[in-house]
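In: Give me the fold of what follows.
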Amino acid sequence: MFGIPGKSPVTITDKAAAQIAKLMSKDGSKGLRIGVKKGGCAGMEYTMEYVTDVDPHDEVVEQDGARVMIAPMAQMFLFGTEIDYEISLLESGFKFKNPNVVDACGCGESIKFADGVAVK
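Out: Numbering: from 1, shown residues only. Predicted coordinates:
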């Protein structure tokens with residue numbers, strides 16, 4: 001595990017927690033797993049998937065009926081991130097406010113971390 005013992009690696013806003021809990025109740029999943037992978041024009045992309053089983057290596061964050069699992073490979077990239085859920089006229093979705101990101105593409109779909117940080 002990365003980060004500070006006893007401190008949650010990510011924070012979840014009330015809106016995001018409500019949306020995650022709503023999604024969990026609809027499909028019966030155990031929660032939402034968040035990770036990162038190579039891809040996109042900036043080099044990296046967030047991944048999100050419903051999960052039916054919690055991986056023992058995942059970092060689990062629970063709040064107000066919502067459960068988020070952070071994939072082991074992503075823990076160091078997501079430490080300090082705030083997960084929010086925003087609704088606008090044109091789109092709605094989860095937004096990541098990640099202090100570890102040094103650049104993002106114009107569409108907001110991909111991100112870049114500091115040089116020297118590799119993802120397999």
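In: Go ahead and list the helix or strand containing the residue with the largest distance to the centre of the chain.
Out: The centre of the chain is farthest from one residue, residue 89, which by Cα atoms, centre = their mean lies 23.3 Å away. Using DSSP states H and E, residue 89 is not contained in any helix or strand.
In: And residue 114, what's its pLDDT?
Out: Residue 114 is assigned a pLDDT of 69 by the prediction.
In: that older thread, against residue 83, how distant is the residue farthest from the centre of the chain?
Out: Per Cβ to Cβ, to the nearest Å, residue 89 is found 22 Å from residue 83. For glycine as for every other residue, the C-beta is placed from the backbone atoms N, C-alpha and C.
In: Can you point out the buried residues in the longest helix anywhere in the chain?
Out: The single longest helix within the chain, with elements called by DSSP state H, is helix 14-27. Buried residues in helix 14-27, defined by neighbour count with 16 or more other Cβ atoms under 10 Å: 16-21, 24.
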